[in-house]
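Participant: no sequence for this one, just the structure:
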């Protein structure tokens, strides 16, 4: 064990579903695989299961390590583990890579059984609703009739909200952190610039770059650089980098001049070296399409009418991607339905990325909420 | 005359300077041309000249028309003209394309006299200080010892501020609109993503695309799309586009889904069809480098110590690129020097682009300030 508060070494598992999944876009996945991880033990009453949904670039690898290398830690290692806010001594935690992903679940780089080639651009557009439907099948497979909680940040929080609408009796608590009930025009605009960067990269080859032995790395790098700006706050960038110069003085050249440039390019390069460009496109589209109020003419309160869960909604003051106002829109709609809602607006300088950070107030709140979840039985 | 409040048909003029210009970057332009336009008449006392400095994508074509086509209007047609806030019946207004530009002044697409080929990437990096120095030579050439006012928005406002520092006795009023005393890390980050989009476009050819018969249009398009998001406010995009769908309903495809995507791509395409990619790079670098407090260890008040002008500083509430707080930093530094300062924070929903819009409050303020400028003599 690397650390007593870590779940330690973990291994992903894979489950294959042969029952076709009808998608929101009208197309069908005839069969698919989901890769997932679990931490902790499912109790005999099967009442302590927690689903952690991932955001744009996350995966099923929520906690623990794949090797002694600390870099192999799960993306929410600070939140999930023995004694952590989502305590694996008490909860059975499940992480799953979403359909369309690039971490093992069926996605654009997977072989399309009908053609024997990677799906590439032919992979269907998947939505938050589709992910929730596929996660419900995973729950069936794991013998989980009802989640004690479905939890997620950002796009993951949207999945938690969708769970409460699509499967009201299967989720006791929905925890949506740094989420929004739908993207604004500005959010969509940033996503579209990122997509256009990938789509117009000559190495994208209309999504079929796999067979050309190339990846659209420049486009993916730009997409990530841009995304990264929107995940941080103006203040946190100012504090971390300010106008600090690489060489100590202006060089008046085209190389890196300011440290912020170095940081962003590094983040972009790192991401582009491992992430799948088609998955990036799909994830941004899922964000764009998320809008549970859409079938109700924009009435979010109507959208939440089926919900029965208790909710924890958390926002961060410096998050300008999904600002606190967006979380308050969610809270208002939940209250319109007289649902049990806890809302907290956490003072944090770290922007949208705050949901991944170890802020004491935020973690104390998560800990307290999770401790109060009754796992003595169903309800 | 197309319109009695327009200066009407105008023609640019070109002046060539054979005296070498030593640039901030340490390199020298041995000779160069500036293209400019003038509107109104210089009075016998030569006391009514107003210099209008342009921002990233502007030019010397500030007002008037090149033809009967309304689309040929200058970029500040609503501000400059007979009876307009900058009234050409009273003022002699000068617009100039900055060095490194792509509208006629010597820039990267110009022929380098030493090689007989376009400068391309070898064009030196130019700064706000260099522009002001070259504008001072234009003033000499036009016989203008002292500007009644130097006016600009955004990057143009930075030039107005720099004029007040570098040539204290040559500018009576400096008007800086939607400006900032320096870029933040977030501002630089957005600029760097835009630059990287151009620099990594395979058609950029290290800046020498002219000889390949191509232009890095995909990179330039991305840069402009991204820039455009930062010029608008979240609210104005929400009001103008919201989540309006192109086809009336989700199509779940890769074509334009939301109207905002259509708008941004159109803006990007239009810009990429006429603007020079090297100029775009240079303009963003000039923005990054602007920081008059830099030689004073970050002390902006010290930077303004030489200034003698009166100042009008204007910001817009919804401008998140150069927010009102940045203008207040300027005002504070000016007041520390006991300078004559008028400051207005205009309530506007249009973000950074507000400085180009015809807001009644904003225009009334400009009109009143300009009317109060004494042109009866020097001071």
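Facilitator: Happy to help now that I have it. Please read these numbers as outputs of a predicted model, since none were measured by experiment.
Participant: mind checking the pLDDT average for the strand or helix carrying residue A:220?
Facilitator: Element membership for residue A:220, per DSSP states H and E: helix A:217-231. Computed over helix A:217-231, the mean pLDDT rounds to 97.
Participant: same question, stretch A:193-208
Facilitator: 97.
Participant: which of the three states applies to whatever residue of the stretch 251-379 of chain A ends up closest to chain B?
Facilitator: In the stretch 251-379 of chain A, the residue that lies nearest chain B is residue A:252 (3.6 Å; Cβ to the nearest Cβ). In this view, the C-beta of every residue, glycine as well, is placed from N, C-alpha and C. Put simply, residue A:252 is coil when judged by DSSP: H, G, I helix; E, B strand; the rest coil.
Participant: now do the one 3 residues further on
Facilitator: Classification of residue A:255 using three-state DSSP returns coil.
Participant: neighbours around it, how many?
Facilitator: 9 (other Cβ atoms under 10 Å in any protein chain shown).
Participant: with residue A:266 instead?
Facilitator: Quick note: residue A:266 (other Cβ under 10 Å) scores 12 neighbours.
Participant: ok so it is a strand residue?
Facilitator: No - looking at residue A:266 with three-state DSSP, it is helix, so not inside a strand.
Participant: which residues touch it?
Facilitator: Contact criterion Cβ atoms under 8 Å, 6 or more residues apart in numbering or on different chains gives no residues in contact with residue A:266.
Participant: sorry, back to before: so the residue of the stretch 251-379 of chain A closest to chain B sits right up against residue B:123, yeah?
Facilitator: No - assessed by Cβ atoms under 8 Å, residue A:252 is found out of contact with residue B:123, at 12.0 Å.
Participant: neighbour count winner among the two?
Facilitator: For residue A:252 versus residue B:123, neighbours defined as other Cβ under 10 Å are more numerous around residue B:123 (23 against 17).
Participant: can you pull the contacts of that one?
Facilitator: Residues in contact with residue B:123 (Cβ under 8 Å, 6+ apart) are B:100, B:107, B:108, B:110, B:112, B:278, B:282.
Participant: show the pLDDT at it.
Facilitator: On pLDDT, residue B:123 comes in at 97.
Participant: ok, now which ones touch the residue of the stretch 1-150 of chain A found nearest chain B?
Facilitator: In the stretch 1-150 of chain A, the residue that lies nearest chain B is residue A:25 (3.6 Å; Cβ to the nearest Cβ). By Cβ under 8 Å, 6+ apart, the contact set of residue A:25 is A:124, A:125, A:126, A:127, B:252.
Participant: check contacts around the residue nearest to residue A:18 when sequence neighbours are not counted.
Facilitator: Once flanking residues are discounted, residue A:18 sits nearest to residue A:31: 4.8 Å by Cβ to Cβ, 6 or more residues apart in numbering or on different chains. Residues near residue A:31 by Cβ under 8 Å, 6+ apart: A:16, A:17, A:18, A:19, A:20, A:113.
Participant: quick one: residue A:182 and residue B:242 touch, right?
Facilitator: No - assessed by Cβ under 8 Å, residue A:182 is found out of contact with residue B:242, at 9.9 Å.
Participant: got a ChimeraX select line for the buried ones in the contacts of residue A:31?
Facilitator: Here is the ChimeraX command that selects only those of the contacts of residue A:31 that count as buried (16 or more other Cβ atoms under 10 Å in any protein chain shown):
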select /A:17
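Participant: quickly check the contacts of residue A:31 for the two that are furthest apart.
Facilitator: Spatial extent of these (Cβ to Cβ) is set by the pair A:19 and A:113 at 14.4 Å.
Participant: ok, which stretches of the stretch 201-350 of chain A are helices?
Facilitator: A:217-231, A:234-240, A:259-272, A:277-289, A:300-303, A:324-336 (DSSP state H, counting those that start in this stretch).
Participant: mind checking how far the second one is from the chain centre?
Facilitator: This points to helix A:234-240. 24 Å (Cα atoms, centre = their mean, to the nearest Å).
Participant: okay, buried residues for it please.
Facilitator: A:234, A:236, A:237, A:238.
Participant: quick revisit: which members of the contacts of residue B:123 additionally contact chain A?
Facilitator: Counting by Cβ under 8 Å from any Cβ of the partner chain, the subset of the contacts of residue B:123 that neighbours chain A is empty.
Participant: get me the contact residues on the stretch 251-379 of chain A for chain B.
Facilitator: Checking the stretch 251-379 of chain A against chain B by Cβ under 8 Å from any Cβ, the hits are A:252-254, A:257-258, A:260-261, A:264-265, A:268, A:281, A:288-289, A:291.
Participant: what number of residues lie near the nearest residue to residue A:333 once chain neighbours are set aside?
Facilitator: With sequence-adjacent residues excluded and distances taken as Cβ to Cβ, 6+ apart, residue A:333 is closest to residue A:300, at 3.9 Å. For residue A:300, the tally of surrounding residues (other Cβ under 10 Å) stands at 21.
Participant: from residue A:145, how far out is residue A:300?
Facilitator: 28 Å (Cβ to Cβ, to the nearest Å).
Participant: tell me the pLDDT of the most centrally placed residue in chain A.
Facilitator: Centroid-nearest residue in chain A, with Cα atoms, centre = their mean: residue A:55, separated by 1.3 Å. Each residue has a pLDDT score; the one for residue A:55 is 98.
Participant: cool, and residue A:10?
Facilitator: Residue A:10 carries a pLDDT value of 97.
Participant: what does the one 10 residues further on give?
Facilitator: Residue A:20 is assigned 97 on the pLDDT scale.
Participant: could you pull out the strands for the stretch 101-250 of chain A?
Facilitator: Applying DSSP state E, counting those that start in this stretch to the stretch 101-250 of chain A gives strands spanning A:111-112, A:117-118, A:149-153, A:173-177.
Participant: the ones you listed into TSV, with extra columns for mean neighbour count and mean pLDDT?
Facilitator: Below are the strands of the stretch 101-250 of chain A laid out as TSV (neighbours: other Cβ atoms under 10 Å in any protein chain shown; pLDDT from 0 to 100):
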stretch	mean neighbour count	mean pLDDT
strand A:111-112	14	96
strand A:117-118	16	96
strand A:149-153	29	98
strand A:173-177	28	98
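Participant: okay if I get the ones you listed as CSV plus distance to chain B?
Facilitator: Formatted as CSV, the strands of the stretch 101-250 of chain A follow (distance: least, Cβ to the nearest Cβ, whole Å):
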stretch, distance to chain B
strand A:111-112, 17
strand A:117-118, 17
strand A:149-153, 21
strand A:173-177, 20
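Participant: distance to residue A:355 added to these, as CSV?
Facilitator: Output for these, formatted as CSV (distance: least, Cβ to Cβ, whole Å):
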stretch, distance to residue A:355
strand A:111-112, 34
strand A:117-118, 32
strand A:149-153, 3
strand A:173-177, 5
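Participant: identify whichever of those lies nearest to residue B:220.
Facilitator: Comparing these by Cβ to Cβ, strand A:117-118 comes nearest, at 31.5 Å.
Participant: look up how far residue A:182 lies from residue A:292.
Facilitator: 8 Å.
Participant: these two: who's more crowded?
Facilitator: residue A:292 (24 against 21).
Participant: can you verify my assumption that that one contacts residue A:303?
Facilitator: Yes - at 4.0 Å, residue A:292 counts as touching residue A:303 under the criterion of Cβ under 8 Å.
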